[in-house]
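Enquirer: sequence and predicted structure below; questions after.
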Amino acid sequence: MKMTQSESQRRSINKPLAATRTEPGGWVQVIVAIVVVVLGVAGAYFLIKWRKPPEREAPETLAPLVEVEQLHVQDLSMIVRGYGTVSPRVEVEIVPEVPGKVVCVHSRLKAGGLVRAGEQIIQIDPRDYELAVQQANAVVAEAQVKLDTEKAEADVARAEWEQLHPNSEPSSPLVLREPQIRRAQAALESAKAQLAMADLRLERTSLSLPFDVLVINERVDLGQYVVVGQSLGAAYGIKSVEIEVPLEDDDLAWFDIFDNPIGFNGKKLATKHAVAQVKADFGGAEHIWKGRVVRTTGQVDRTSRMVSVVVEVADPFDRSGARPPLFPGVFVEVVIEGKVLKNAVAVPRDAVRQGNNVWVVQEGRLKILTLEIARADKDFAYIISGLDDEALIVVSSLDMATDGMAVRTRGDDLAEAAKVTQDNNAPGETEAN
């Protein structure tokens, strides 16, 4: 049978395919692939079934870090602080007591000039007053002569009476001129008083002061005619100055101010004054003067309800220690040394919470303690009970604080870091041969 051309071509194409399917190498590859897939699936199955779950570690929660300050129980001197302005203790007006023309003026009679005690400040023309003294002396001499004359005439009258009337007394005092003698005596006393007045007026032509002064101002010139009572200037004493310091009435209990009796039953008693320090910034530096509390002003301010005490500073112009003078008008801080508070603790004001509570760290725990506060100022609260010696007081703030909560301090962190460093630096064990 004769095949067609198309059939012969189809057979030639199918022949190689059939040969390929029947080759043994192709089946082997298929089997290997199937085995690999099965082994992979089985391995994955066993890994999933027998795997260990990961260990879960609780996150480390750090306690809040606080700043602490170690405080000690001790005897504390109470300090009372206040502010005030320096004012002169003695201030005077320079006023003439007699009228006249000014013929001499002290060279330091000007603002800021220092005039010593007894130095002549102003001299008023004394000539009129010298003449008045001479005239008064003449009147005294005349009165003295008049008195002497009357006494002499009285002696003559007595001698005549005794000659005419021996062993008898005159019936009238006029016989012995007794009224005339008394009148002459009175005239002499009046003349002497006029002389003393003339001397005093002459003395008053020279103006001086009995203490050292610093001149504030002057209003007089040479040749000026002045009258009695006219102010020629002002000055203040430099022996001491005073500062009036307003304080709360509670502060007065911490130093002696009302225990200063002046006298009792006519006897002067020893006074006791609280010591004070007066501080002022002057010339770019802080300077300190010693003072003492001498009295109160004796009244309560109706507006501020405060009581003012007066602090006196002696020798404010003493320049020892390169210290400037303490001039009136300077604004100063006054620090008064008060009584001693026994067995007390000074707690910073920022560490006192909710009135009278503090936070204390004990064995890594925060404790809230209620304290008894004896006194408080702008810097500290002074505790007399409720705190032990060397207590650790929390001085930082926390968003939330509960009694017994765990806290950390900087000292704890440093100690832990030091321990870790020591462990890391320790020599390791070597394997024995």
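Expert: Okay, I see it. As the structure is a prediction and not an experimental result, all values here were calculated from the model.
Enquirer: just give the number of residues close to the residue lying closest to residue 409 once chain neighbours are set aside.
Expert: Spatial nearest neighbour of residue 409, excluding adjacent residues (Cβ to Cβ, 6 or more residues apart in numbering): residue 68 at 5.1 Å. Every C-beta, even on glycine, is put in place using the N, C-alpha and C of the backbone. Neighbour count for residue 68, taken as other Cβ atoms under 10 Å: 20.
Enquirer: ditto for residue 299
Expert: 8.
Enquirer: show me what contacts it?
Expert: Residue 299 makes contact with residue 307 under the criterion Cβ atoms under 8 Å, 6 or more residues apart in numbering.
Enquirer: per-domain residue ranges of the chain.
Expert: When the chain is parsed with automatic domain parsing, its domains come out as 68-75+342-414, 78-88+239-338, 92-120+210-238, 126-204.
Enquirer: now render those as JSON lines, adding distance to residue 38 and mean pLDDT.
Expert: JSON lines is the format used below for the domains of the chain (distance: least, Cβ to Cβ, whole Å; pLDDT from 0 to 100):
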{"stretch": "domain 68-75+342-414", "distance to residue 38": "58", "mean pLDDT": "85"}
{"stretch": "domain 78-88+239-338", "distance to residue 38": "94", "mean pLDDT": "85"}
{"stretch": "domain 92-120+210-238", "distance to residue 38": "117", "mean pLDDT": "94"}
{"stretch": "domain 126-204", "distance to residue 38": "140", "mean pLDDT": "88"}
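Enquirer: export the ones you listed to CSV and tack on distance to residue 27?
Expert: What follows is the domains of the chain, written out as CSV (distance: least, Cβ to Cβ, whole Å):
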stretch, distance to residue 27
domain 68-75+342-414, 73
domain 78-88+239-338, 108
domain 92-120+210-238, 129
domain 126-204, 153
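Enquirer: right, and those - which one's nearest residue 35?
Expert: Residue 35 lies closest to domain 68-75+342-414 among the domains of the chain, at 61.4 Å (Cβ to Cβ).
Enquirer: coming back round to it: contact partners for the residue nearest to residue 409?
Expert: By Cβ under 8 Å, 6+ apart, the residues touching residue 68 are 361, 392, 393, 394, 395, 409, 410, 411.
Enquirer: what's the ChimeraX line that selects buried ones from the residues you listed?
Expert: Here is the ChimeraX command that picks out the buried ones among the contacts of residue 68, judged by 16 or more other Cβ atoms under 10 Å:
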select :361,392,393,394,409
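Enquirer: JSON lines for the contacts of residue 68, including distance to residue 193 and secondary structure?
Expert: Output for the contacts of residue 68, formatted as JSON lines (distance: Cβ to Cβ, whole Å; DSSP: H, G, I helix; E, B strand; the rest coil):
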{"residue": "361", "distance to residue 193": "89", "secondary structure": "strand"}
{"residue": "392", "distance to residue 193": "86", "secondary structure": "strand"}
{"residue": "393", "distance to residue 193": "81", "secondary structure": "strand"}
{"residue": "394", "distance to residue 193": "85", "secondary structure": "strand"}
{"residue": "395", "distance to residue 193": "81", "secondary structure": "coil"}
{"residue": "409", "distance to residue 193": "90", "secondary structure": "strand"}
{"residue": "410", "distance to residue 193": "90", "secondary structure": "helix"}
{"residue": "411", "distance to residue 193": "91", "secondary structure": "helix"}
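Enquirer: among the contacts of residue 68, which one lies nearest to residue 282?
Expert: In terms of Cβ to Cβ, no member of these lies closer to residue 282 than residue 395, at 34.8 Å.
Enquirer: distance of residue 389 from residue 357?
Expert: 20 Å (Cβ to Cβ, to the nearest Å).
Enquirer: between the two, which is the more surrounded one?
Expert: A count of neighbours by other Cβ under 10 Å puts residue 357 above the other of residue 389 and residue 357, at 14 against 11.
Enquirer: from what I can see the more buried one touches residue 369, true?
Expert: Yes. Between residue 357 and residue 369 a contact is recorded at 6.8 Å, counting by Cβ atoms under 8 Å.
Enquirer: kindly state the beta-bridge partners for the nearest residue to residue 352 once chain neighbours are set aside.
Expert: Once flanking residues are discounted, residue 352 sits nearest to residue 381: 5.0 Å by Cβ to Cβ, 6+ apart. Beta bridges link residue 381 to residue 347, residue 376 when assigned by DSSP bridges.
Enquirer: same deal with the one 10 residues further on?
Expert: Beta-bridge partners for residue 391, by DSSP bridges, are residue 71.
Enquirer: ok, now which ones touch it?
Expert: Going by Cβ under 8 Å, 6+ apart, residue 391 touches 70, 71, 345, 360.
Enquirer: secondary structure element for the last one?
Expert: It stands for residue 360. If you go by DSSP states H and E, residue 360 is part of strand 357-362.
Enquirer: and that strand, what other elements does it pack with?
Expert: Other helices and strands packing on strand 357-362, by 3 or more Cβ pairs under 8 Å, 6 or more residues apart in numbering; DSSP states H and E, are strand 365-370, strand 391-394.
Enquirer: give me the contacts around that strand.
Expert: Contacts with strand 357-362, where a contact means Cβ under 8 Å, 6+ apart, come from 66, 68, 347, 351-353, 366-371, 387, 391-394, 398, 401, 407, 409.
Enquirer: buried only: go through these for me.
Expert: Buried among the contacts of strand 357-362 (16+ other Cβ under 10 Å): 66, 68, 347, 351-352, 366-369, 371, 387, 391-394, 401, 407, 409.
Enquirer: re earlier: so which of the contacts of residue 391 is the most crowded?
Expert: Within the contacts of residue 391, most neighbours by other Cβ under 10 Å means residue 345, with 24 neighbours.
Enquirer: give the closest residue to that residue in space, chain neighbours not counted.
Expert: Nearest residue to residue 345, sequence neighbours excluded (Cβ to Cβ, 6+ apart): residue 383, at 4.5 Å.
Enquirer: ok but the one you found is inside a strand, no?
Expert: Yes. Membership of residue 383 in a strand is supported by DSSP: H, G, I helix; E, B strand; the rest coil.
Enquirer: tell me the spacing between it and residue 346.
Expert: Noted for residue 383: a distance of 8 Å to residue 346, by Cβ to Cβ.
Enquirer: this protein: helices as residue ranges?
Expert: 5-21, 24-50, 127-164, 178-203, 410-425 (DSSP state H).
Enquirer: what sits against residue 316?
Expert: Each residue near residue 316 by Cβ under 8 Å, 6+ apart is listed here: 86, 238, 240, 241, 289, 325, 326, 327.
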